[in-house]
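J.: Take a look and give me a structure for this.
(one chain, ligands or ions: 1)
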Amino acid sequence: MEVCKDRLSLARFRSGLGESVGFVATMGALHKGHLSLIEKSLQENTHTIVSIFVNPTQFGENEDFGSYPRTLEADLALCERAGVSAVFTPSVEDMYSTDEITFNPPKNMGYILEGFDRPTHFAGVIAVVLKLFMLVKPRKAYFGQKDAQQVLILQKMVRDLFLDIEIVPCEIVRDDDGLALSSRNIYLSAKEREIALCIPRTIALVEQHIKNGEMSVDKLKALALESLRLGETTLFYADFFNRELKPIAVVKKQESIFLLALRVGKTRLLDNLWI
Ligand code: AMP
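T.: Predicted coordinates:
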């Protein structure tokens, strides 16, 4: 496995590969969720390139850019064992200059939900993913449905900018207790983790009621709010949308998403259900 520490070494390595390149963009601290994306790419492409880059432009000023978990040695070992062709680990200086051209996300998709509290977040995601796409030149790129809003905005980016890249959404991987895997879960104390389990329980409850035929968003939302431990958590949102992130009143199968985010202790946790 090649470890490319800068753009030049990645360009050299990439020039020796053919068309069939799959790409997984990560911020490192890799877990089984990341691995599931990597494995899907390995199945569907001749080569898989993984990037490990804690992207400063997607963090807000008071967020955890400085303290974000960094576990490069273990991450490289995981990629090597999995059969990845190359890992790209650029420096911030290699990726960004100053006063750059930027793209903003669509108004209706980029400044609600995650973008409401973090208005610069999706412009940062777009900046880094576009740059990584230009460097890696993948045919397919794999993103987790856990970050549902991110997947939908990146699919729109690919459509709007005529990029010849398929965004492949991948299912959420959960821990044994049901909590969606996240690099930030290590911030949770045992007690906070126990409280956080109300999130997957709520997702499962909503899923069950939809299976039983309940399609009213008002009713499903009321159930969800009852099942979240709101005295012990801070709710950012728990709501239903279509795939364009427009609010809906009635759930439709294959078309709707239930998105929720809440804070437990100091940790912001996301989860969702693609209906
Ligand atoms: P991150 O390193 O947090 O930027 O995540 C890199 C990619 O892994 C993103 O596409 C995430 O959506 C995806 N990912 C993170 N956690 C999970 C999970 N539990 N299940 C599936 N994909 C995930």
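J.: and Leu260, which of the three is it?
T.: Classification of Leu260 using DSSP: H, G, I helix; E, B strand; the rest coil returns strand.
J.: show me the contacts for it.
T.: 199, 202-203, 224, 228, 235, 237-239, 270-272 (CB atoms under 8 Å, 6 or more residues apart in numbering). Backbone N, C-alpha and C define where each C-beta goes, glycine included.
J.: what pairs with whichever strand or helix holds Pro169, and is each one parallel or antiparallel?
T.: Using DSSP states H and E, Pro169 sits within strand 166-170. Strand pairing for strand 166-170, determined by DSSP bridges: strand 140-144 (parallel).
J.: So which residues of the stretch 51-200 of the chain form helices?
T.: 72-82, 92-95, 107-110, 114-117, 121-136, 148-160, 190-196, 198-211 (DSSP state H, counting those that start in this stretch).
J.: Could you see whether the ligand lies near the first one?
T.: So the one you mean is helix 72-82. No - applying CB under 6 Å from any ligand atom, one finds helix 72-82 separated from the ligand by no less than 9.9 Å.
J.: Surely Phe236 forms part of a helix?
T.: No - using three-state DSSP, the assignment for Phe236 is strand, not a helix.
J.: surely it meets Asp271?
T.: No - if you go by CB atoms under 8 Å, Phe236 and Asp271 don't touch, sitting 11.6 Å apart.
J.: any common contacting residues for those two?
T.: Ala261.
J.: So for those two, which sits in the more crowded spot?
T.: Asp271 (23 against 17; other CB atoms under 10 Å).
J.: Can you name the residues bridging to the residue in the stretch 51-200 of the chain positioned nearest to the ligand?
T.: Going by CB to the nearest ligand atom, the ligand is nearest to Gly144 of the stretch 51-200 of the chain, at 2.3 Å. Counting by DSSP bridges, Gly144 is bridged to Cys170.
J.: So it versus Gly18, what's the distance?
T.: Gly144 sits 26 Å away from Gly18, going by CB to CB, to the nearest Å.
J.: neighbours around the closest residue in space to Leu270 that isn't next to it in sequence, how many?
T.: Nearest residue to Leu270 in three dimensions, chain neighbours excluded: Ala261, at 5.0 Å (CB to CB, 6 or more residues apart in numbering). Ala261 sits with 21 neighbouring residues when counted by other CB under 10 Å.
J.: My guess is Ala261 contacts Arg268. True?
T.: Yes - with contact defined as CB under 8 Å, Ala261 counts as touching Arg268 (6.3 Å).
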